[in-house]
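# fold the following, please.
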Amino acid sequence: MIRPSFLLPCLALTVSGFTHAENWPEWRGESGQGLSAARGLPETWSETSGVAWKTELPGRGHSTPVIWGEQIWMTTAVEKAASAAEAERRLKSNTGDQPVTVLESVSLRALCVDKTTGKLLHDVELLNVKEPQWVHQLNSYASPSPIIEEGRLYAHFGSFGTACLDTTTQQVLWQNQEVQIMHENGPGSTPVLWEDLLIIHFDGSDQQFIAAFNKKDGKLVWKTKRTGELRENPQQRKAYGTPLVVTMQGKPVVVSPAADWVYGYEPATGKELWKLPYGELGFSMSVRPVADAERVYFSTCFGKSQVMALRYAGVETPEIAWRNNRNAPKMCSPVVTGDLLFYVDDGGIVSCVDALTGESYYRERLGGKFSASPILADHKLYFASREGVVTVIPATKEFKILSQNTLDGGIMASPVAVDGALYLRTDKALYRIGK
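Below you'll find the model as predicted:
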């Protein structure tokens, strides 16, 4: 059975379209687009005010928490550092120039926190990896966000493996460590759940493809190689994006941005339906597209960064509607609501543009650096910075800072809004803000 929370119909996607908000099943919420139906959310808070609870978290991870009922789940990594001599030996094959973390081993784990009390209920090892690939120092070994549904948690760690956990018994039901690529900077792509398939990007410096696992047993169902021509530099072949399933011409299509190209695939089979070039260098794609009833929007990230809109309504193959190369984000996914598209670049410049034309309404500085993707809730946008500051602005053409709220610790995970409360994961703890 198709879960409507992951299949976007050709209807205007607005927050008013949601009927409940008790669950947050994946990285960007029920819609996959950073939209929440929560109301009465707090607008101001601090480390000492407005915090319902704060729970210290073991290990290190950037994955966004997911919520089902009274359980909050997220992933983390408990690291054992490699010696300096071992790190030097292994890095001889590194083709990049970025600062990286090298480990002797890593324990990849799932954490469960009680939504009401904040008590840490479970800490379960899903996978244990010896001599894992290095990751960028800004990244973590547990950055892709898990997916949750009734009784099941699906956790993906790139080439380190994918696992399924029974959320009632805390038993690991299956593991798959067969699919391997060279990430260079560590994993970043989050899976998408469509029917019985976990659809995942694998865009490494060595090989690039999209694949689907059976959610029941973790076995590979299909694997499709990227067909677009890429640059010779291996660092410009990789990507870390997450797909979005959109209904086009009455059929589901996996919209899948990668290095230099965006693709459309048939989700059941992996058949390539179409592809479009960016026209400019675009790689290390770290965002997830968003969509409305007519267009899909995303950033091409590193290289010649640009925000692109693809018009898909009424055409067999999507076509480029507009481009905007001003302050395009490299890591943060956008939010679309009505005829407005919002996004923030890594340096803290927030933009509001006309979703139909790309015309700019404003570009303003929030301050700080950003990796987390914003959410829209209660007609407000929440932007969380690496410095631990959450800026709240109205979802209108007119820019105004409603509040800026600081917590101890930086934020890489995206905010979550459920049932009148915000959940914020810092590099140290998980917070419930509000009632």
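
# and P191, what does it touch?
For P191, the contact set (C-beta atoms under 8 Å, 6 or more residues apart in numbering) comprises P144, I147, Y154, H156, T162, L198, I199, I200, T242. Where C-beta positions appear, they are placed from N, C-alpha and C, glycine not excepted.

# dump those residues to TSV, plus neighbour count, distance to Q236 and secondary structure.
As requested, the contacts of P191 are exported to TSV (neighbours: other C-beta atoms under 10 Å; distance: C-beta to C-beta, whole Å; DSSP: H, G, I helix; E, B strand; the rest coil):
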residue	neighbour count	distance to Q236	secondary structure
P144	28	22	coil
I147	23	29	strand
Y154	23	30	strand
H156	26	24	strand
T162	25	26	strand
L198	21	27	strand
I199	24	24	strand
I200	23	21	strand
T242	27	20	coil
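
# closest to P252 among those?
Of all the contacts of P191, the one with the least separation from P252 (C-beta to C-beta) is I199, at 10.7 Å.

# my guess is that closest one meets A212, correct?
Yes. Counting by C-beta atoms under 8 Å, I199 does reach A212; the two are 4.9 Å apart.

# intersection of neighbour lists for the two?
By C-beta under 8 Å, 6+ apart, the residues touching both I199 and A212 are P267.

# ok, A77 to F160 distance?
Noted for A77: a distance of 9 Å to F160, by C-beta to C-beta, to the nearest Å.

# tell me the residue furthest from the middle of the chain?
A85 (34.3 Å; C-alpha atoms, centre = their mean).

# which pLDDT value goes with the closest residue to G420 other than its chain neighbours?
Distances taken as C-beta to C-beta, 6 or more residues apart in numbering place G40 nearest to G420, at 4.5 Å, with adjacent residues excluded. With respect to pLDDT, G40 scores 94.

# before we move on, what about L7?
pLDDT, L7: 45.

# the residue farthest from the centre of the chain belongs to a helix?
Yes. Counting by DSSP: H, G, I helix; E, B strand; the rest coil, A85 is found in a helix.

# now do the strands in the stretch 101-250 of the chain.
Ranges of strands in the stretch 101-250 of the chain, per DSSP state E, counting those that start in this stretch, are 103-114, 120-130, 135-136, 147-149, 152-156, 162-166, 172-176, 192-194, 197-203, 208-214, 220-225, 244-248.

# can you state the direction angle for the longest one and strand 172-176?
When you say that, I think you mean strand 103-114. Using axes from the mean of the first three to the mean of the last three C-alpha atoms, to 10 degrees, the inter-axis angle of strand 103-114 relative to strand 172-176 is 140 degrees.

# now strand 103-114: buried residues?
L103, V106, S107, L108, R109, A110, L111, C112, V113 (16 or more other C-beta atoms under 10 Å).

# among those, which has the minimum pLDDT value?
L103 (94).

# now do the contacts for it.
Per C-beta under 8 Å, 6+ apart, neighbours of L103: E79, K80, A81, A82, E131, P132, W134, Y141.

# from N23, how far out is it?
Using C-beta to C-beta, we find L103 at a distance of 34 Å from N23.

# just to revisit the earlier point, closest to G34 among the contacts of P191?
Among those, and counting by C-beta to C-beta, the member closest to G34 is T242, at 11.9 Å.

# summarise which helices and strands the helix or strand harbouring Q404 is packed against.
Following DSSP states H and E, one finds Q404 within strand 403-406. For strand 403-406, the packing partners by 3 or more C-beta pairs under 8 Å, 6 or more residues apart in numbering; DSSP states H and E come out as strand 389-394.

# buried sites along the strand it packs on?
V389, V390, T391, V392, I393.

# sheet-wise, list the partners of that strand with their directions.
Partner strands and pairing direction for strand 389-394 (DSSP bridges) are strand 380-384 (antiparallel), strand 403-406 (antiparallel).

# residues in contact with it?
Under C-beta under 8 Å, 6+ apart, the answer for strand 389-394 is 43, 350, 366-368, 379-385, 399-407, 411, 415, 424.

# and these, which of them are buried?
Among the contacts of strand 389-394, the ones that count as buried by 16+ other C-beta under 10 Å are 350, 366, 368, 380-385, 399, 404-405, 407, 411, 415, 424.

# the strands of the stretch 101-250 of the chain: lowest mean pLDDT?
strand 135-136 (a mean of 94).

# okay, now the sheet partners of it, with direction.
strand 100-101 (antiparallel).

# show me whatever sits in contact with both of A77 and F160.
V106, L108, Y141.

# could you measure from the second one over to V350?
Computed as C-beta to C-beta, the L108 to V350 distance reads 34 Å.

# cool, S46 as well?
Counting by C-beta to C-beta - S46 and V350 are separated by 22 Å.

# hang on, L220 packs against T162?
No. Using C-beta under 8 Å, L220 is not in contact with T162; the gap is 10.3 Å.

# how near is K330 to P257?
K330 is 13 Å from P257, by C-beta to C-beta.

# neighbour count: the two, which is higher?
P257 (30 against 19; other C-beta atoms under 10 Å).

# which residues does the more buried one contact?
P257 touches A239, G241, P243, Y263, M285, V287, P289, F298, T300, counting by C-beta under 8 Å, 6+ apart.

# and the residues you listed, which is closest to A429?
The closest of these, once distances to A429 are taken by C-beta to C-beta, is V287, at 26.1 Å.

# so the nearest residue to that closest one once chain neighbours are set aside is in which element?
In space, and not counting its chain neighbours, V287 is closest to S333: 4.4 Å by C-beta to C-beta, 6+ apart. Counting by DSSP H and E, no helix or strand carries S333.

# for S333, give me the pLDDT.
97.

# against L173, how distant is it?
S333 is 30 Å from L173, by C-beta to C-beta.

# could you do S63 as well?
Taken as C-beta to C-beta, the span from S63 to L173 is 19 Å.

# show me which of these two is the more surrounded one.
Per other C-beta under 10 Å, whichever of S63 and L173 has more neighbours is S63, with 27 against 17.

# thinking that one is in contact with S145, fair?
Yes. Taking contacts as C-beta under 8 Å, S63 lies within contact range of S145: 4.4 Å.

# are there residues contacting both of those two? Which ones?
If you check S63 and S145 against C-beta under 8 Å, 6+ apart, the residues they both contact are W27, M74, T75, A413.

# mind putting those in TSV, pLDDT included?
TSV is the format used below for these (pLDDT from 0 to 100):
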residue	pLDDT
W27	97
M74	99
T75	99
A413	98
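
# mind giving me the PyMOL command for buried ones among the residues you listed?
Only the buried entries of the shared contacts of S63 and S145 go into this PyMOL selection, using 16+ other C-beta under 10 Å:
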select buried, resi 27+74+75+413
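
# great, nothing more from me.
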